[in-house]
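A.B. asks: I'd like to go over a predicted model; first the sequence, then the structure.
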Amino acid sequence: MNLVGQRIGSYVVQKELGAGGTGTVYLCQHTLIERAVAIKVLHEEHAQDPDQVARFFQEAKAAAEIGHPNIISIIDFGHLEHVDGKPPYLMMECLDGVSLDKRLRTGGLSLEDIRHIMSQVCSALVASHGKGIIHRDLKPSNVFLCDRTFDHLFVKVLDFGTAKLTAPGIDGHKTMIGMVLGTPAYMSPEQCEGKGAIDHRSDIYSLGVMLYEMLTGTLPFDGEVGEMMIHQLFHAPPPLRERNPAVPPAWEALCLRMMEKGRENRFQSVTELAHALEDLEGHAAAYQAFRTNRSETGKSGHTMIAPADGFGSSDGVVAAPMATSDSRATVHGSLEDFAPRAGVPPPAAPPHPSGDYPPAAAPPHPSGDYPPAAAPPHPSGDYPAAAAPPYPPASGAYAPVPSGPVPSAAYAAVAAPPPYPPSGAYPSAAGPSGPYPTPAGPYPAPAARYPTPSGPYPPPPDPVGPCTALVTEPRYVGFARTLMVRPGGRWYDAFEVCRTGGVAAPPTLPPDLSLFVTWVEHPYLDPSLAAVVFLSLRTGWSTVVLCARARW
């Protein structure tokens, strides 16, 4: 079927861009505004299969449901009017760049390039898994590197055609038990089993295989389909430094953790993986302790938590070029089609009786409300003992005064009270009535402006300073890192973000503010910045802090 020259709505097909196992992609242009889009048309032999058509349209639904800048945008989908029938099609944004598998064949990716690519894929997967969508076919040919003016390695994750929708209420295509969906070279052990009981940790394994390939230029396992599936189920990957001695040990530890056979031994969330990617040395030390404990006790030690502060070192090592080979095709078929699978003994390590482990996160405070490092409340139960406002950051810059309502009418006395007179003296009760004149001017009675033990307490610490510190100071980097890998535009409890990020909230941050936080794109679309918004539901107070997005 040749569609060149055919009109699809307001678009005209210009040329064929390429063909894959399921469809052909064409370049199209709008007849009026000259906007370029790509249209993917399902092959004729697949268009007659209802399951293939449903999976094809699922790609559009899944990508549209996530709506993330690192995931390709779907503009439209439907059926074409053609003399040979009505083949299904997807209309997508047109990308300018090269797929990761083609880039790997030329080599030249530094460790910092690999970190940058991995961070963006992690960001896309955090959003995807947050919507209950598992990709299930992560591989270099499904990661596109766009050449943007602000980023020459801007990632777009493609092809959600085999995605599994797991969130309640999502009408997804259910995988049948005994069916294999994915690309064997990148499939997780649980995918190879074909039992259908996979979760987001399957994507972490597939991403680990991609990292192995980026670091060494080779796949951990190769061969026929059945042989590769057996390797994925039962064989540990060869050490990376045997394939490429230039791979730093910390990078090898990250990859091997992602490719653990038991999913309970992998990272328990992509957010946790993103944290380890920013602290490779800290993660390597924790993972080594985990493996030592497992070998000595026979227990997996699932309480390992990767440190959440600091940044790893790239050492300028360049990954080896990938051996030239054709793109691995996605397979979907019955386990009976892969004869070498029959008769293979079960995996050596059975799943833990307790089932899946929750993501490794900092344990909550025994009270269940505040992190351990929070400042103790004032004896009155209202405000913390340290009433003095915090000092400005080390740079000397003062945080801006929040625009928004005053937290409470009780604190709205006077914004900037004048100082005491130089002498500090006030008239006694027996003295004349009225304000006491001083060289600096008249002053009210002390009790009118300065509280006594029986009167109201002074205003609580201004939260602008600690909120700004959470976003800008290096000691709180775990807070920004945890926040920025979550979907933007949603409110999160600020103290929960502190706990998850492994940082203690600033002691001058009042714990009773009912403080929530979110992040949004920079209002002027500066890709290097994001706006972090803090909001107190108790008082209505809010502030906005700009945050650099270099690593998020």
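C.D. replies: Now that the structure is in, tell me what you want to look at. Residues are numbered from 1 along each chain as shown.

A.B. asks: switch to C-alpha atoms for all contacts and neighbour counts from now on
C.D. replies: Fine.

A.B. asks: so what's residue 40 closest to, chain neighbours aside?
C.D. replies: Distance criterion C-alpha to C-alpha, 6 or more residues apart in numbering; nearest residue to residue 40, sequence neighbours excluded, is residue 25 at 4.3 Å.

A.B. asks: that neighbour: how many residues sit nearby?
C.D. replies: Burial of residue 25 is recorded as 20 neighbouring residues (other C-alpha atoms under 10 Å).

A.B. asks: what ranges in the stretch 1-150 of the chain fall below the confidence cut-off?
C.D. replies: 1, 21, 59, 82-84 (pLDDT under 70).

A.B. asks: what ranges do the strands span in the stretch 51-200 of the chain?
C.D. replies: Using DSSP state E, counting those that start in this stretch, the strands assigned to the stretch 51-200 of the chain run over residues 74-79, 88-93, 97-99, 133-134, 143-146, 154-157, 164-165, 179-182.

A.B. asks: Serialize the ones you listed to a markdown table and add fields for mean neighbour count and distance to residue 269.
C.D. replies: Listed next are those as a markdown table, based on neighbours: other C-alpha atoms under 10 Å; distance: least, C-alpha to C-alpha, whole Å:
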| stretch | mean neighbour count | distance to residue 269 |
| --- | --- | --- |
| strand 74-79 | 16 | 26 |
| strand 88-93 | 21 | 29 |
| strand 97-99 | 17 | 26 |
| strand 133-134 | 25 | 12 |
| strand 143-146 | 23 | 20 |
| strand 154-157 | 24 | 18 |
| strand 164-165 | 24 | 17 |
| strand 179-182 | 22 | 21 |
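
A.B. asks: would you format those as TSV with distance to residue 218 included?
C.D. replies: Below are the strands of the stretch 51-200 of the chain laid out as TSV (distance: least, C-alpha to C-alpha, whole Å):
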stretch	distance to residue 218
strand 74-79	32
strand 88-93	31
strand 97-99	17
strand 133-134	25
strand 143-146	17
strand 154-157	21
strand 164-165	28
strand 179-182	19
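
A.B. asks: dump the residue contacts of residue 64.
C.D. replies: If you count contacts by C-alpha atoms under 8 Å, 6 or more residues apart in numbering, residue 64 has them with 73, 74.

A.B. asks: and residue 75, what is it in contact with?
C.D. replies: Residues in contact with residue 75 (C-alpha under 8 Å, 6+ apart) are 90, 91, 92, 93.

A.B. asks: returning to what we had before: figure out which of the strands of the stretch 51-200 of the chain is closest to residue 55.
C.D. replies: strand 164-165 (9.8 Å; C-alpha to C-alpha).

A.B. asks: tell me the bridge partners for residue 76.
C.D. replies: residue 91 (DSSP bridges).

A.B. asks: start the count at 887, not 1, going forward
C.D. replies: Will do, 887 is the new start, and the previous item becomes residue 962.

A.B. asks: what distance do you get for it to residue 908?
C.D. replies: 18 Å (C-alpha to C-alpha, to the nearest Å).

A.B. asks: again with residue 926
C.D. replies: Applying C-alpha to C-alpha, the value for residue 926 to residue 908 is 9 Å.

A.B. asks: ditto for residue 1424
C.D. replies: Counting by C-alpha to C-alpha, the gap from residue 1424 to residue 908 is 54 Å.

A.B. asks: out of the two, which sits in the more crowded spot?
C.D. replies: Comparing residue 1424 with residue 908 by neighbour count (other C-alpha under 10 Å), the higher total belongs to residue 908, at 18 against 12.

A.B. asks: my guess is residue 1140 contacts residue 1164, does it?
C.D. replies: No. Using C-alpha atoms under 8 Å, residue 1140 is not in contact with residue 1164; the gap is 10.8 Å.

A.B. asks: burial of the residue nearest to residue 1407 when sequence neighbours are not counted, as a residue count?
C.D. replies: Among residues not flanking residue 1407 along the chain, residue 1416 sits closest, at 5.0 Å (C-alpha to C-alpha, 6+ apart). Neighbour count of residue 1416, defined by other C-alpha under 10 Å: 22.

A.B. asks: repeat that for the one 4 residues further on.
C.D. replies: Per other C-alpha under 10 Å, the neighbour tally for residue 1420 reads 24.

A.B. asks: now do residue 1083
C.D. replies: Neighbourhood size, residue 1083 [other C-alpha under 10 Å]: 11.

A.B. asks: pull the contacting residues for it.
C.D. replies: Per C-alpha under 8 Å, 6+ apart, neighbours of residue 1083: residue 1076.

A.B. asks: lowest confidence element among the helices and strands of the chain?
C.D. replies: Least confident helix or strand of the chain, by mean pLDDT, DSSP states H and E, is helix 1332-1335 with a mean of 43.

A.B. asks: so what pairs up with residue 957 in the strands?
C.D. replies: Counting by DSSP bridges, residue 957 forms beta bridges with residue 1043.

A.B. asks: wait, what's in contact with the residue nearest to residue 926?
C.D. replies: Contacts of residue 911 by C-alpha under 8 Å, 6+ apart are 902, 903, 904, 905, 924, 925, 926, 927.
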